[in-house]
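J.: quick one, fold the following:
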Amino acid sequence: MTITGRFQSLAENRAAAELNERSREIFRQIVESYLMTGEPVGSRNLARILPMALSPASIRNVMSDLEAAGLIFAPHTSAGRLPTETGLRFFVDAMMEIGDVTTEERARIEAQMKAAASGHTLETALAEASTLLSGVSRGAGVVVTSKSNTHLKHIEFVRLDPSRALVVLVSDDGSVENRLLDLPPGLPAGALMEAGNYLNARIRGRTLVDLRSEIEATRAQMERELDTLTAKLVNAGIATTVGSPETRQLIVRGQANLLEDLKATEDLDRIRLLFADLETQTDVIDLLTRAELGEGVRIFIGSENKLFSLSGSSLIAAPFRDASQKIVGVVGVIGPTRLNYARIVPMVDYTAKVVSRILEKGR
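T.: From the prediction side, this is the model:
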């Protein structure tokens with residue numbers, strides 16, 4: 001499993017890289033306690049749970065060094081310590097022991113995903129992936145994909161004026177989308193119907209990406225069957241619908257999980273800010289799309305990304321691929337920075353692989 005994070009080299013935080021064994025163990029206990037409870041931990045509690053015999057005074061000295069290194073902080077005077085975002089990033093990249101998905105969990109993920117995909121739309125299967133990840137993480141499950149992966153039922157060109165037309169797309173699930181299209185000058189009156197008929201003869205049960213691939217492969221034949229302007233119309237219609245930035249869609253499930261186990265009023269304020277972030281779908285889609293740029297699982301922690309700079313949230317995401325091995329979307333989990341990274345990372349990774357297998361087999 002490949003995990004892409006911010007610390008590509010420990011040299012990015014020399015102080016963190018040079019922690020001795022005792023400091024690393026104390027730091028580990030502070031982080032793991034935070035991930036489990038969300039609460040700061042003090043030197044007396046650490047003295048009881050550390051696998052080595054250290055006095056609270058010795059532990060406080062180490063904690064002071066960790067604080068100077070920017071890895072932990074005190075949320076209140078005389079309180080225990082919590083990891084900073086830098087500390088969390090160092091822990092995730094350099095110290096965390098990634099778990100594995102059990103045989104039972106693998107079987108459950110595959111069964112749920114196959115059931116959702118069988119006889120249903122791709123969007124149904126992706127929504128199930130989002131719901132599934134929400135359930136295992138107690139965060140919000142998210143999926144972003146291209147609507148050009150939706151299986152289509154009908155396409156139609158509707159003239160608006162001499163220079164513009166609407167491309168109307170009807171999917172298998174009954175959803176309808178419209179795209180504006182500039183018409184080539186001098187287009188014959190019957191060209192819109194002829195272009196629609198040509199595409200509809202080939203479109204049923206296919207995605208726009210599939211259709212575009214076929215048209216590109218049989219371009220010479222199309223140009224023999226249609227006049228030049230109608231062939232241009234077909235090409236323009238496909239390019240407009242496949243290439244539009246609006247074809248990205250966001251699926252979110254399990255937002256209510258984020259309201260559970262709130263520790264304080266500031267937690268509620270943070271979740272409200274996160275909900276506001278999720279409502280701004282364009283920004284969330286942009287962030288998830290960044291996870292398509294690299295192999296494996298991507299982890300974004302807190303203010304490392306401007307979208308979460310106020311809510312202090314984390315995102316764990318992994319890309320999935322279609323039958324041609326092209327990355328076509330991302331599945332992931334959004335939640336508080338104290339997500340159970342060691343458990344969620346392999347779950348997100350495996351779910352992305354199952355989605356890819358379903359797309360490879362054409363559902």
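
J.: chain center to the helix or strand where L66 lies: distance?
T.: Assigned by DSSP states H and E, L66 belongs to helix 56-68. On the basis of C-alpha atoms, centre = their mean, to the nearest Å, helix 56-68 sits 37 Å off its chain's mean C-alpha point.

J.: what helices or strands is it leaning on?
T.: Contacts defined by 3 or more C-beta pairs under 8 Å, 6 or more residues apart in numbering; DSSP states H and E place helix 56-68 against helix 21-37, helix 43-49, strand 72-73. All C-beta spots, glycine's among them, are computed from the backbone N, C-alpha and C.

J.: looking at those, which is nearest to L315?
T.: Minimum separation from L315 across the helices and strands packed on helix 56-68 (C-beta to C-beta) falls at helix 21-37, 15.9 Å.

J.: tell me the mean pLDDT over that closest one?
T.: Averaging pLDDT along helix 21-37 yields 92.

J.: now swap in stretch 48-66 and tell me
T.: 90.

J.: hmm, who's touching it?
T.: Applying C-beta atoms under 8 Å, 6 or more residues apart in numbering, the contact partners of stretch 48-66 are 19, 22-23, 25-27, 29-30, 33, 43-44, 46-47, 72, 81, 87.

J.: can you check stretch 219-236 too?
T.: Counting by C-beta under 8 Å, 6+ apart, 157, 181-184, 186-188, 191-192, 194-195, 198-199, 215 sit against stretch 219-236.

J.: could you redo the last one with a cut-off of 10 Å?
T.: 155, 157, 165, 167, 181-188, 190-196, 198-199, 202, 211-212, 214-216, 218 (C-beta atoms under 10 Å, 6 or more residues apart in numbering).

J.: and the residues you listed, which of them are buried?
T.: 155, 157, 165, 167, 181, 183, 187, 191-192, 194-196, 198-199, 211-212, 215 (16 or more other C-beta atoms under 10 Å).

J.: what number of residues lie near R81?
T.: 27 (other C-beta atoms under 10 Å).

J.: excluding chain neighbours, give the residue nearest to it in space.
T.: I72 (4.3 Å; C-beta to C-beta, 6 or more residues apart in numbering).

J.: quick one on the thing from earlier: inside strands: which ones of the buried ones among the contacts of stretch 219-236?
T.: Those of those mapping onto strands are 155, 157, 165, 167, 181, per DSSP state E.

J.: which residues in the chain form strands?
T.: Under DSSP E, the chain gives strands at 3-4, 72-73, 82-83, 140-146, 152-161, 164-171, 176-182, 248-253, 297-301, 313-321, 327-336.

J.: export those as CSV, with columns for mean pLDDT and distance to A117.
T.: What follows is the strands of the chain, written out as CSV (pLDDT from 0 to 100; distance: least, C-beta to C-beta, whole Å):
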stretch, mean pLDDT, distance to A117
strand 3-4, 64, 27
strand 72-73, 94, 45
strand 82-83, 94, 39
strand 140-146, 85, 13
strand 152-161, 85, 17
strand 164-171, 82, 15
strand 176-182, 78, 22
strand 248-253, 80, 14
strand 297-301, 91, 22
strand 313-321, 90, 13
strand 327-336, 88, 14
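
J.: now those as CSV including distance to L307?
T.: Formatted as CSV, these follow (distance: least, C-beta to C-beta, whole Å):
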stretch, distance to L307
strand 3-4, 18
strand 72-73, 23
strand 82-83, 21
strand 140-146, 12
strand 152-161, 32
strand 164-171, 29
strand 176-182, 26
strand 248-253, 13
strand 297-301, 8
strand 313-321, 8
strand 327-336, 10
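
J.: to what extent is M347 buried, counted in neighbours?
T.: 25.

J.: residues contacting it?
T.: 99-101, 105-106, 109, 132-133, 135-137, 316, 318, 331, 333, 340.

J.: give me the domain ranges for the chain.
T.: 7-95, 103-147+247-360, 149-246 (automatic domain parsing).

J.: give me the buried positions along the top helix by length along the chain.
T.: Looking across the chain with DSSP state H, the single longest helix is helix 341-360. Using 16+ other C-beta under 10 Å as the test for burial, helix 341-360 gives 341, 343-356, 358-359.

J.: tell me the average confidence for stretch 116-129?
T.: 77.

J.: that one: end-to-end distance?
T.: 9 Å (C-alpha to C-alpha, to the nearest Å).

J.: number of nearby residues for the residue nearest to R81?
T.: 25.

J.: beta partners of it?
T.: Beta bridges link I72 to P83 when assigned by DSSP bridges.

J.: show me the contacts for it.
T.: With C-beta under 10 Å, 6+ apart, I72 has these contacts: 26-27, 30-31, 34, 40-41, 63-66, 80-84, 86-87.

J.: distance-wise, check it relative to A79.
T.: 11 Å (C-beta to C-beta, to the nearest Å).

J.: ok, N178 next?
T.: 56 Å.

J.: ok, E32 next?
T.: 18 Å.

J.: more neighbours: those two, which one.
T.: Per other C-beta under 10 Å, whichever of E32 and A79 has more neighbours is E32, with 17 against 13.

J.: show me what contacts that one?
T.: 41, 49, 83, 91, 95-96, 342.

J.: need those residues in TSV (columns: distance to L278).
T.: Output for the contacts of E32, formatted as TSV (distance: C-beta to C-beta, whole Å):
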residue	distance to L278
V41	31
I49	36
P83	25
F91	26
M95	30
M96	26
A342	25
